[in-house]
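Trainee: Give me a model of this one.
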Amino acid sequence: MSKTLIALTFAALLTTTQTWAADASGQEERSNSKNTYESKAVKVPGTKVFLSPPPGFAPAERFGGFIKKEDVATIVVTEIPGAYSQVTNFTKNDLAGKGINITSSSTFNNGKREASLLEFTQMAAGKKFKKVACFFGDEASTTIVTGSMPESGPAAVFDQMRQAVKSARFDPHARLTSLEEGLPFTIADTKKLKKATRLQNTLLFTTTGKVEAGKDNGPLFIVGQSVSEGAIENHEAFARERLERTKQVKNILIDKQRSIKQAGLDGEEFLASGVDAEDGAPTYIFHTMLFDKDGYFIFQGLCPASERSVFEPEYQKLVQNFQLRPNGR
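Mentor: Numbers count the residues shown, from 1 in each chain. I've put the predicted structure just below:
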């Protein structure tokens, strides 16, 4: 199983709750009292997935899915470019190494497809969360729908989330205007880097405009929005710390740093070097963060050090192409 596919799968299972939950108490309640579990399935923006959200769950603003803030509960939909057979071929030891404790696993019929249902617990932000994830797909792509809430939360809500994730269906004929659908920003391609796929609220660019699991996809670039909400006071220190937590690269050395402004937002740009965490190859890292009142946008490009002169201006051009939508989405 490739590094890219493993990273995308674990991101789908682990993301959202640990960052969103920490800020949930201060957020405005958006639940729709008229929503019922029996209501018609709705399309999740930026995906071709339809599901029936449980009572009290409202569309999320910072990720693809739904939230129920009073219960710190989320349902997150992720589509990844990897074969269903590979994604579900995990062992308990594989998952335990990522802090996941499986409590049950089963399969069921999802329309005309087999689907896997996984229930597990995970520690995040000092709290224990219980989660339920539904996997379904084919040899080209896999959809992962993950419901999450604190272990101490109401059992009835968790049961409703289990029903909701099992209700998810992928419609290959659903209209998707663009990979930017539902995002609060737009970003145009450059001559050498094209939009390839989307992982929740993050876009991935490659030189071919495609992502092939199990293969070297060459120089990469990602742009995404933070899931959690909250003002960040020290922009430079936060951006530096985030750069140092880049998992794909180790022995990171910062070559240059400067403050920038783009789309009316203040930001920090870092140019750095390091070595690939797996094969030790010299690697160039382009790292930029733009900050708004509620969080940040992150931009990161990775390429072989020998190709820095070619892709550094491409990465900078992508940041320059970033624009916020006038209406937010």
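
Trainee: average pLDDT across the longest strand along the chain?
Mentor: For the chain, the longest strand by residue count, based on DSSP state E, is strand 249-262. For strand 249-262, mean pLDDT is 96.

Trainee: can you pull the buried residues of that strand?
Mentor: Within strand 249-262, the residues that qualify as buried are 249, 252, 262, counting by 16 or more other CB atoms under 10 Å. Glycine gets a C-beta too; all of them are placed from N, C-alpha and C.

Trainee: Please work out which residues outside the next helix or strand along the chain from it touch it.
Mentor: Sequence order places strand 265-276 as the next helix or strand after strand 249-262, per DSSP states H and E. For strand 265-276, the external contacting residues (CB atoms under 8 Å, 6 or more residues apart in numbering) are 235-236, 239-240, 243, 246, 248-261, 281-292, 297, 305, 312, 316, 319, 324.

Trainee: Give me the helices and strands touching the longest strand of the chain, please.
Mentor: Counting by 3 or more CB pairs under 8 Å, 6 or more residues apart in numbering; DSSP states H and E, the packing neighbours recorded for strand 249-262 are helix 235-244, strand 265-276, strand 282-292, helix 308-321.

Trainee: That one pairs with which strands?
Mentor: Each strand that strand 249-262 pairs with, and the sense of that pairing, follows from DSSP bridges: strand 265-276 (antiparallel).

Trainee: residues of the strand it pairs with that come out buried?
Mentor: Within strand 265-276, the residues that qualify as buried are 265, 267-274, 276, counting by 16+ other CB under 10 Å.

Trainee: Could you measure from residue 75 over to residue 44?
Mentor: Separation of residue 75 from residue 44 (CB to CB, to the nearest Å) stands at 9 Å.

Trainee: er, residue 127 actually
Mentor: Applying CB to CB, the value for residue 127 to residue 44 is 26 Å.

Trainee: try residue 198
Mentor: In this structure, residue 198 lies at 12 Å from residue 44, with CB to CB as the measure.

Trainee: ok, back up a step: can you state the direction angle for the longest strand of the chain and helix 308-321?
Mentor: Here strand 249-262 points in a direction 40 degrees away from that of helix 308-321 (axes from the mean of the first three to the mean of the last three CA atoms, to 10 degrees).

Trainee: what sits up against strand 249-262?
Mentor: Here strand 249-262 makes contact (CB under 8 Å, 6+ apart) with 235-236, 240, 243-244, 246, 266-277, 283, 285, 288, 290, 302, 319-320, 322.

Trainee: what's the distance between it and the middle of its chain?
Mentor: Taking CA atoms, centre = their mean, to the nearest Å, one finds strand 249-262 lying 23 Å from the centre of the chain it belongs to.

Trainee: Equivalent analysis for stretch 131-151, please.
Mentor: The chain centroid and the centroid of stretch 131-151 are separated by 13 Å under CA atoms, centre = their mean.

Trainee: average pLDDT for it?
Mentor: 91.

Trainee: Buried ones in it, by neighbour count?
Mentor: 131-137, 141-150.

Trainee: what does stretch 229-247 give?
Mentor: Using 16+ other CB under 10 Å as the burial criterion, the residues of stretch 229-247 that qualify are 229, 232, 235, 239-240, 242-243, 246.

Trainee: what residue ranges in this protein are flagged as low confidence?
Mentor: Across the chain, the ranges flagged by pLDDT under 70 are 1-39, 90-93, 96-97, 213-215, 328-329.

Trainee: try 80 this time
Mentor: Along the chain, the parts satisfying pLDDT under 80 run over 1-40, 81-82, 86-99, 124-125, 176, 212-217, 227-230, 327-329.

Trainee: Break it down into its structural domains.
Mentor: As given by automatic domain parsing, the domain ranges for the chain are 3-170, 185-324.

Trainee: All set now, cheers.
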